[in-house]
Structures are given as C-alpha cells and as structure tokens.
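Enquirer: Sequence plus the predicted model coming up.
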Amino acid sequence: MTDDELDRETAFALLADEIRVRIVDELGAATASPETGIPRLSYADLKSRVDVRDSGRFNYHLTKLVGNYVAKEEAGYRLRWPGMVLYRTLVAGLLTNDGASDLGRFPVGTACHRCGDPIEAHLYETLFRVRCWGCDANYTDIYFPSHGLTGRSPDELLRAVHRRNRTVLASMTAGQCPWCAAAVSAEIHDGDDDLPSLHDTRDLDAYVVYHCTDCTGFQYVPVSRALCYHPAAIAFYHDHDRDLTEIPAWELPWAVTDRTTTVRGADPWRFSVRVPLDDEALVAELDERLAVVDTRREPNA
C-alpha cells in the first residue's frame, strides 16, 4: 500500500460519522454568504449549529476534521479547500443523488438529424440524455448533478444542460480534464469502430474520444464538434449576429453529424469541415490533433 492510498483511506475515514458531516455542512453553509465571504465560526457557535450537547463527543469529531477539512484559527474554525469541495459535493448531490426527480421524456424542439423524428430529453440514472428514440441517435450524454434538476422548467433545464455540456467539452478540447485537472488526450477513431455508447447509432466516418490520462473521464463527439469551441467558428457566428456559445449542439447539424465533414486523409488524419450559416459558409481545415490549420469563407450554395 502506498502513501497516496493511505492518504485516500484516511480522507474517507474522516467522514465516517454523521457529526463530522454536519460540521462540514454547517461550516459550508456559513461560508456560502456573499456578505461574510469566508467566515470563522467560534467553537460555541459551531457546536450550537451542529446541535451536539456532549462537549467531549463534539470535540473528538471536530479534532478529527481539523487539518484536512477544517482549519482552526484564532478567530475560529473555517473550511479548508478540501472541505469546501466536500461541502459543494454534498450540496450538488453527487454522492447521494439528493433532489433527483423522476424526469420523464420531453421534446427539445428539434427534429432528429438522422431520421426526422422529434429529439427528446430524459434522465438515465445519473446521465442527462438528449436523443432520438426513433433511430437511437444520441446527441448529448452528460452527467448532471441532481441538485440542478430541481426547480427548473424544461426550457431552463435544457439551457443548464447545454451550458454544463459546453463547459465540460470546452475543458476537454483544451486538453484539461474538468474533473481531476489532469491532461486529456484526443484519439481519433475510424467510423467503422463501434461508438463508445451502445445507445448511439449515428453513422460517423470518424469521431474523436477525449480521454483523461488519469481518471475515467471521457467524452466522444464527431470531429466537427471541436469547432464549437474555436474562435474562428465563434467569430463566424458573431458576424452573423448569432452567439454560438448559447446554441445547444443538438441544434447544430454540422456539429453532431458528419454531413459537412470531409475526411481528407487517415495517415495522418486530415479533415475539412464546412459550417453553413445563412448565405455564407465557414470552411475549416483540421489536422490530426484537430487543430485548425486554415479557414476560409465562401458563399453558402
């Protein structure tokens, strides 16, 4: 057993009591105030909030948290960064799925780019999916914290899912894992390979898998999707009075299919992606790293 494994075991063991979780919860709730910033709770105030009458019992559990999750200072106690991460994890329901509701299928207002049936959204276990039930084309498959599902209308929820999906993929296309901050590799696969999801039957000549080199985080998308995060495409939409960052991917046929993508070569990979918009089209040339090596604009025939 390595020191890192011992550290992980210790970190998890420190949370193996309801009182300790309540201490983290109360310190976090006190911190979540824009007026107070990061406050320090006095011993008496913290003990009162946690509602433990036995001082010895409270002291024992508080002492266990001090150092890794909690800082003890002259002005009182506060959460350290690992404690804040834990508190935010608890609030989001990442560990307990608190706040998750039975979310039935509902239409997103866009027809499937493969078969023309309505695209619908639903919650599958912890994944939010936007897909076609007619042909099993899957356009979005993203983990969404259960806390974010509550109190939102379908339109608000779709906007939130789009923003989260865009945030995750923007980080991965930039080469950094949004979950553990390690490096992300981009691996291009031939379309003859099965797609990573058994629930996705899109016909793609090629696709890219963004995979974290340390944790299990990954996303796969058509190679054209990389342009959603490139300044050339964002500027192209801006010149047409559109904000590309606010448009969900499932509303962009060029980004979720390969209809306007041409494979120029496979050894090494080379691609040409045509992005049509109104009376103009942006044509981007991509290399094996999916870096944009050239762009031009032409009339949209």
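Expert: Received it, and whenever you're ready, just let me know what you need. Residues are numbered from 1 along each chain as shown.
Enquirer: Have a look at this structure and report the helix or strand with the lowest mean pLDDT.
Expert: Every helix and strand of the chain was ranked by mean pLDDT, DSSP states H and E. The lowest is helix 3-13, at a mean of 62.
Enquirer: Tell me the secondary structure at T63.
Expert: Remark: T63 carries the secondary structure label helix [criterion: DSSP: H, G, I helix; E, B strand; the rest coil].
Enquirer: ok, now how distant is it from P39?
Expert: The spacing between T63 and P39, counted by C-beta to C-beta, to the nearest Å, is 21 Å. All C-beta spots, glycine's among them, are computed from the backbone N, C-alpha and C.
Enquirer: which of those two has more neighbours?
Expert: Neighbours per residue, other C-beta atoms under 10 Å: of T63 and P39, the larger number sits with P39, 16 against 11.
Enquirer: you'd agree that one is up against R78?
Expert: Yes - distance between P39 and R78: 7.0 Å, which falls inside the contact criterion (C-beta atoms under 8 Å).
Enquirer: anything in contact with each of those two?
Expert: Residues touching both P39 and R78 comprise T31, with contact defined as C-beta atoms under 8 Å, 6 or more residues apart in numbering.
Enquirer: how about Y143, phi and psi?
Expert: With angles defined as degrees, to the nearest 10, Y143 sits at phi -70, psi 130.
Enquirer: Over to the one 5 residues further on?
Expert: Backbone torsions for G148, taken as degrees, to the nearest 10, come to phi -80, psi -10.
Enquirer: what's the answer for L15, then?
Expert: On the backbone of L15 - angles per degrees, to the nearest 10 - the values are phi -100, psi 10.
Enquirer: Surely it is in contact with D25?
Expert: No - if you go by C-beta under 8 Å, L15 and D25 don't touch, sitting 11.2 Å apart.
Enquirer: any weak-confidence spans in the stretch 201-301 of the chain?
Expert: Nowhere does the stretch 201-301 of the chain drop to pLDDT under 70.
Enquirer: ok, back up a step: can you tell me what sits against whichever helix or strand comes after the least confident helix or strand of the chain?
Expert: Heading C-terminal from helix 3-13, the first helix or strand you meet, by DSSP states H and E, is helix 18-31. Taking C-beta under 8 Å, 6+ apart as the criterion, the residues outside helix 18-31 that touch it are 14-15, 36, 38-39, 41, 46, 49-52, 57-58, 61-62, 64-65, 69-70, 77-79, 83-84, 86-88, 90-91.
Enquirer: Now do the helix ranked longest in the chain: everything it contacts.
Expert: When the chain is parsed with DSSP state H, its longest helix is helix 154-173. Defining contact as C-beta under 8 Å, 6+ apart, one finds that helix 154-173 is touched by 106, 108, 121, 128, 130, 140, 142, 144, 148-149, 152, 177-178, 184, 186, 210, 217, 219, 221, 225-226, 228-229, 245-246, 248-249, 290.
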